[in-house]
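>>> Predicted model and sequence below, questions to follow.
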Amino acid sequence: MSEFAKAVNIAIVEDEQAEAETLCAMLGRYGDEHGVNFHCRVFRLATDFLEDRPLDLDVVFMDIQLPDLDGMSAARKLRETDGRTLLVFVTNMSQYAINGYEVEAADFIVKPVEYAHFAGKLVRILSRVNALPDVVIPVKTANGMVSVAASDLKYVEVMAHELIYHTTRGDLRSYGGGLYKVEKRLEGARFVRCNSCYLVNPRFVESVGSDTTKVGGDELKISYSRRKEYRKAVAEYLGGLV
């Protein structure tokens with residue numbers, strides 16, 4: 001029986017067809033041997049990947065030498081909107097490994113890829129996939145769709161007809177829809193309202209006062225009608241510390 005309840009969503013960004021096919025075959029072999037269901041999609045160009053990548057990606061295997069935009073530059077662009085997806089460079093340019101910290105790379109695999117080495121790396125990568133937050137929501141911004149993991153989202157604010165997603169990487173603004181729809185999408189992530197304007201991630205709650213709460217450095221108002229429910233939800237999350 002698989003240790004993963006869902007498929008592991010993989011993107012391979014590789015312009016050489018033979019290299020891409022090798023990675024796909026190795027993932028297939030590992031999946032057969034260990035009961036893991038991989039969903040793989042191959043991109044020949046980094047620009048195509050950035051424009052059309054799935055929002056529920058778990059891992060991206062990225063070549064560094066690419067014809068349009070190099071893999072390191074593509075990784076920097078990815079990190080502007082996605083801090084969740086695990087990034088693994090597959091390259092014969094091992095001298096670039098030292099720069100991996102800039103884009104929070106999970107690992108480097110040096111070409112030519114051998115299955116035993118690849119499988120060993122995959123064990124560690126999949127252990128991190130298992131720890132990834134389950135709830136990821138798409139947010140439509142003026143610059144396109146952005147995937148936001150619940151673990152990176154401090155709170156959501158509604159202001160007039162605008163939704164503001166306050167994340168660990170900055171604020172995202174989206175028009176249309178209401179807080180109720182966001183709340184439904186985040187079911188299971190234990191978000192709670194402190195009033196009709198704010199949907200809060202208890203993970204980022206720093207303090208709870210009589211009528212205000214500090215969340216990710218911001219002071220938010222707690223409505224009287226939601227005070228008891230909010231304090232209870234935060235207390236349960238923090239193990240009774242509030």
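Yep, that arrived.

>>> nearest spatial neighbour of residue 163, skipping sequence neighbours?
Once flanking residues are discounted, residue 163 sits nearest to residue 174: 4.7 Å by Cβ to Cβ, 6 or more residues apart in numbering. Placement of C-beta: from N, CA and C, glycine included.

>>> hang on, the one you found in a helix?
No - checked against DSSP: H, G, I helix; E, B strand; the rest coil, residue 174 lies outside a helix; its state is strand.

>>> Export stretch 51-62 to PDB, keeping only CA atoms.
Extracted in PDB, the C-alpha atoms of stretch 51-62 (Å, rounded to 0.1, in the frame of the first residue of the first chain):
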ATOM      1  CA  GLU A  51       3.200  30.300 -17.900                       C
ATOM      2  CA  ASP A  52       1.400  26.900 -17.700                       C
ATOM      3  CA  ARG A  53       2.600  25.100 -14.500                       C
ATOM      4  CA  PRO A  54       0.000  23.300 -12.500                       C
ATOM      5  CA  LEU A  55      -0.900  25.100  -9.300                       C
ATOM      6  CA  ASP A  56      -0.900  21.800  -7.200                       C
ATOM      7  CA  LEU A  57       2.700  20.900  -8.000                       C
ATOM      8  CA  ASP A  58       4.700  19.000  -5.300                       C
ATOM      9  CA  VAL A  59       8.100  18.800  -7.000                       C
ATOM     10  CA  VAL A  60       9.800  20.300 -10.000                       C
ATOM     11  CA  PHE A  61      12.900  18.800 -11.500                       C
ATOM     12  CA  MET A  62      14.700  21.700 -13.200                       C
END
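
>>> got a pLDDT number for the residue nearest to residue 163?
Here, the pLDDT recorded for residue 174 equals 93.

>>> tell me, how many neighbours does it end up with?
18 (other Cβ atoms under 10 Å).

>>> What are the neighbouring residues in contact with it?
Residue 174 is in contact with 139, 140, 141, 162, 163, 164, 165, counting by Cβ atoms under 8 Å, 6 or more residues apart in numbering.

>>> can we see that at 10 Å?
138-142, 145-146, 156, 162-165, 182 (Cβ atoms under 10 Å, 6 or more residues apart in numbering).

>>> what do you get for residue 20?
Taking Cβ under 10 Å, 6+ apart, we find residue 20 in contact with 12, 13, 14, 40, 42, 43, 44, 61, 63, 90.

>>> Tell me the pLDDT of the third one.
Put plainly, it is residue 14. 97.

>>> any idea how far it lies from residue 35?
Distance from residue 14 to residue 35, counting by Cβ to Cβ, to the nearest Å: 26 Å.

>>> who's more crowded, those two?
residue 14 (24 against 11).

>>> Spatially nearest residue to the more buried one, not counting backbone neighbours?
Nearest non-adjacent residue to residue 14 (Cβ to Cβ, 6+ apart): residue 20, at 4.2 Å.

>>> So that neighbour lies in a strand, does it not?
No - the assignment for residue 20, made by three-state DSSP, is helix rather than a strand.

>>> where's it relative to residue 42, distance?
5 Å.

>>> Point out where this structure drops to low pLDDT.
Where the chain drops to pLDDT under 70, the residues are 1-6, 94-101, 131-134, 238-242.

>>> which SS state does the most centrally placed residue in the chain fall under?
Taking Cα atoms, centre = their mean as the criterion, residue 84 is the residue nearest the geometric centre of the chain, at 2.5 Å. Following three-state DSSP, residue 84 is assigned to coil.
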